[in-house]
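Peer 1: could you look at this predicted model? Sequence included:
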Amino acid sequence: MPFSVATWNINSVRLRMPIVERLLVEQAPDMLCLQETKVPDELFPEKAFRKLGYEHIAFHGQKGYHGVATIARRPIEVVEKRRFCEIDDSRHLSVTVKAGGKTILLHNFYVPAGGDEPDPAVNRKFKHKLDFVAEMNAVRAEHDEHSGSILVGDLNIAPLEHDVWSHKQLLNVVSHTPVETENFEAMRLSGDWVDLMRLNVPYEEKLYTWWSYRAQDWQASNRGRRLDHIWSSPNLVPHFAGYEILRLARGWERPSDHVPVIGRFNLD
């Protein structure tokens, strides 16, 4: 049974609804996980999604900042809207969905960006990011014979050397500093999560999902980072059928600085 999950930091769902609709029409993922929706729950544009056949919608939002939403063609059940670091900033949503013969627990995350200065002593945003990742150690890749877990989202860390355009030049830039990447990978491993995007991709191959708005010509400079991720529990790895980074979406009208990533599974 084919099953697909798309993840996309949309940088305001209402502002970019036309390109969200384009994604759903052209790619038709079974589920879409959005981050940085920037809308309170009561103003979430549900009607636009329902019109396209996505009847099942869960969101965890707030006015103007952050926010996550999970939209599906099939029934979903909200499990948790977890609060991290004792701050109510709408960065997590988990749901369950039936796919094939399994119940899938799907986590949708928006990890804090962390500001500009990679020093937790002087930058509270960076400290918040490190604390948030530390708390993510409690999020495990739960699975058994009849269930599995998937974790997606804008995790705001490019963990590997070739997840950024220049490892050497970005070592002191937030999203690729050693304290972030080491804690991030330790958290992933401790939770028993598998990094599906790197599963069958050579370590030396560059992978990007984000290109800065600051670049005059993002395509020519190609100074990207892999900030968006798809992970799963080990028992879903044999069912993983690959993924696609929709790079062309960075050039769509009024784009996000992130592009969608679609993971595909064949579930029994």
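Peer 2: Arrived safely, thanks for sending.
Peer 1: taking the centroid of this protein, which residue is nearest it?
Peer 2: The C-alpha lying nearest the average C-alpha coordinate of the chain belongs to residue 153 (C-alpha atoms, centre = their mean; 1.1 Å).
Peer 1: and it, what are its bridge partners?
Peer 2: For residue 153, the beta-bridge assignment (DSSP bridges) gives partners residue 109, residue 229.
Peer 1: surely it meets residue 112?
Peer 2: No - using C-beta atoms under 8 Å, residue 153 is not in contact with residue 112; the gap is 11.9 Å. Where C-beta positions appear, they are placed from N, C-alpha and C, glycine not excepted.
Peer 1: related to what we said a few turns ago, and the residue nearest to the centre of the chain, how far from residue 16?
Peer 2: Distance, residue 153 to residue 16, using C-beta to C-beta, to the nearest Å: 17 Å.
Peer 1: against residue 62, how distant is residue 109?
Peer 2: Residue 109 is 16 Å from residue 62, by C-beta to C-beta.
Peer 1: so these two - more neighbours on which side?
Peer 2: residue 109 (25 against 16; other C-beta atoms under 10 Å).
Peer 1: where do the strands sit along the stretch 1-150 of the chain?
Peer 2: For the stretch 1-150 of the chain, applying DSSP state E, counting those that start in this stretch gives strands covering 2-9, 31-35, 56-60, 68-72, 76-80, 92-99, 102-110, 147-154.
Peer 1: which residue sits closest to residue 27, ignoring its sequence neighbours?
Peer 2: Once flanking residues are discounted, residue 27 sits nearest to residue 262: 6.2 Å by C-beta to C-beta, 6 or more residues apart in numbering.
Peer 1: residue 165 now?
Peer 2: According to C-beta to C-beta, 6+ apart, the nearest residue to residue 165 is residue 223 (4.3 Å).
Peer 1: where do the strands of the stretch 151-268 of the chain begin and end?
Peer 2: Using DSSP E, counting those that start in this stretch, the strands assigned to the stretch 151-268 of the chain run over residues 194-195, 210-211, 224-225, 228-232, 240-245, 261-266.
Peer 1: for residue 82, find the nearest of those strands.
Peer 2: strand 228-232 (16.2 Å; C-beta to C-beta).
Peer 1: mean confidence score for the closest one?
Peer 2: Across strand 228-232, the average pLDDT comes to 98.
Peer 1: other SSEs contacting it?
Peer 2: Applying 3 or more C-beta pairs under 8 Å, 6 or more residues apart in numbering; DSSP states H and E, one finds that strand 228-232 contacts strand 2-9, strand 147-154, strand 194-195, strand 261-266.
Peer 1: can you give me the neighbour number for the residue nearest to residue 165?
Peer 2: Neighbour tally, residue 223, other C-beta under 10 Å: 17.
Peer 1: so in this protein, where's the weakest helix or strand by average pLDDT?
Peer 2: helix 218-221 (a mean of 95; mean pLDDT, DSSP states H and E).
Peer 1: for it, give me every contacting residue.
Peer 2: Helix 218-221 is contacted from outside by 211-212, 215, 250-251, using C-beta atoms under 8 Å, 6 or more residues apart in numbering.
Peer 1: I am finished for the moment; much appreciated.
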